[in-house]
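In: Quick one, fold the following:
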Amino acid sequence: MDADELTHVSVGDVLKVEYRTDPSPTVGVFRVLSGGVLSSTQLGALSERLSELLPCLQQLDFVAVVEKVAGGDTRVTVRPE
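Out: Purely as a prediction, here's the structure:
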């Protein structure tokens with residue numbers, strides 16, 4: 001998790017999930033700024049159940065709803081947008 005980005009996140013916030021290949025393949029989580037623009041800094045990355053999520057990301061857009069923020073231990077629920 002990016003500590004600076006995390007200061008802008010609260011329980012209930014809806015974040016954008018994106019698969020990116022540059023600089024290396026990752027499923028990142030980003031804040032959505034005004035006008036629907038994504039933050040240029042990745043908030044964090046998904047680490048659980050990626051093998052199940054990757055094929056779905058090729059077909060659907062996903063969001064991550066913030067369930068818990070406790071320092072670096074931030075939990076989200078991922079669902080289709």
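
In: Got phi/psi on the residue sitting furthest away from the middle of the chain?
Out: Using CA atoms, centre = their mean, the residue of the chain lying farthest from its centre is G35. It sits 17.8 Å away. Main-chain dihedrals, G35, degrees, to the nearest 10: phi 80, psi 10.

In: Check it and give its pLDDT.
Out: With respect to pLDDT, G35 has a value of 89.

In: Also M1?
Out: pLDDT at M1 comes out at 62.

In: where do the strands sit along the chain?
Out: 14-20, 26-30, 44-45, 62-70, 73-80 (DSSP state E).

In: now for those, which one comes closest to D2?
Out: strand 44-45 (6.8 Å; CB to CB). Using the backbone N, CA and C atoms, a C-beta is placed for each residue, glycine as well.

In: Which elements pack onto the closest one?
Out: For strand 44-45, the packing partners by 3 or more CB pairs under 8 Å, 6 or more residues apart in numbering; DSSP states H and E come out as strand 26-30.

In: Thank you, goodbye.
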